[in-house]
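Chemist: Next one to model:
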Amino acid sequence: MKPRGTKFAPLPGESLPSLLLRAASTLTPSPQHVVHDLLGNPEHLASAATRIDRMKELADYLNVAPSELIPTMLVPDDNRPHHVRLGDFVFRWDQVRQTPVRFAFDLLRKDEHPYHRLVWSVCALRRDPDTGTPLEDRCAFCSEHFRWSAASALARCHGCGGEATRMPARPKVSDDAKAVFCAKLLSSSVRQRTGFRRSLPDDMATWEEADLLEMADALCDLGPSSAEEGDALNALYMGQGAIASLFAGRLSELRRQAPRMSSLVAFANLAVRINRLHSLRVRKHLALVLERL
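Modeler: Here you go, the predicted structure:
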């Protein structure tokens, strides 16, 4: 069934699978039939976010301009192979995951029309970046994963029928350094994101989100075992000198763990791990720091 004259515009930050399911559920008790007609398979709802080839048909069904759907989709980045645009952000494909679906229960309860935010698909996020509400990928009642492929209504468990708007959320805990980093990086507020980038070293301020997330992960992994997550991220904020100190701590630790290991071998060990990183930009940056030790 196609809506007649009804425009289903995306809500702020909404994902296209959410928008399509929200529209179809309003118009028919069997939204799977709509998904089948538009995408070729009732279990392919998640693919709506990537079906650039079906954008016109999806826009026609929703009575919106195709351009209005771009912010709801995962759009391949023409400038970087294996990268995808997610609204204002750029990630590697492996940094984004649509299944299992994640929801912020407390946020859904406050929505006039509960909906899924596209940014919740970013793997590194553990909480909604604007509210700090924990992201949940399982039903609080029966522990089944939420899946687009099994969805017949938005934010309803396919296992027990429980509604996410009625599910208790995990209590909020104090923000750790990585959660704060991700929240500032992926905030829906342009002002907050701009302020965050001004706090970064000049040579990282314009990096895409994919590279900044990998840099954060790399520093957490490549520092000494005694370093906490906050120490690694502080090194990121402070720049090359602090990163060099972090690496020096790792090299000293390697030599302590294996007293017969030469400085050259310890250095090579760290260099190999840097070369395994995905991002060429991050590899070059960290290799330069390592060379200066």
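Chemist: can you give me the strands in this structure?
Modeler: Along the chain, counting by DSSP state E, strands occupy 74-76, 83-86, 89-92.
Chemist: tell me what the shortest one is packed against?
Modeler: Same thing as strand 74-76. Counting contacts by 3 or more Cβ pairs under 8 Å, 6 or more residues apart in numbering; DSSP states H and E, strand 74-76 is packed against strand 83-86. Placement of C-beta: from N, CA and C, glycine included.
Chemist: Parallel or antiparallel, list what pairs with the strand it packs on.
Modeler: strand 74-76 (antiparallel), strand 89-92 (antiparallel) (DSSP bridges).
Chemist: Low-confidence regions, the stretch 151-293 of the chain specifically.
Modeler: 151, 172-175 (pLDDT under 70).
Chemist: Now do the longest helix belonging to the chain: everything it contacts.
Modeler: Scanning the chain for the helix with the most residues, using DSSP state H, yields helix 240-257. Contacts to helix 240-257, defined as Cβ atoms under 8 Å, 6 or more residues apart in numbering, come from residues 201, 219, 222-227, 231-232, 234-236, 261, 263, 266-267, 269-270, 286, 288-290, 292-293.
Chemist: Drop anything exposed from these.
Modeler: With burial judged by 16 or more other Cβ atoms under 10 Å, the buried subset of the contacts of helix 240-257 is 201, 219, 222-224, 227, 231-232, 235-236, 266-267, 270, 286, 289-290.
Chemist: residues contacting L135?
Modeler: Contacts for L135 (Cβ under 8 Å, 6+ apart) come out as R102, F103, A104, W120, L125, R126, R127, D128.
Chemist: Could you dump those residues into TSV and include distance to V34 and pLDDT?
Modeler: Formatted as TSV, those follow (distance: Cβ to Cβ, whole Å; pLDDT from 0 to 100):
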residue	distance to V34	pLDDT
R102	24	95
F103	22	95
A104	26	94
W120	23	97
L125	29	94
R126	33	91
R127	32	92
D128	28	95
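Chemist: between these, which has the most around it?
Modeler: Counting neighbours by other Cβ atoms under 10 Å, F103 leads those with 29 neighbours.
Chemist: wait, doesn't that residue sit right on W120?
Modeler: Yes. Contact status for F103 versus W120: in contact at 7.2 Å, counting by Cβ atoms under 8 Å.
Chemist: Reformat the strands of the chain as TSV; add mean neighbour count.
Modeler: Formatted as TSV, the strands of the chain follow (neighbours: other Cβ atoms under 10 Å):
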stretch	mean neighbour count
strand 74-76	19
strand 83-86	21
strand 89-92	21
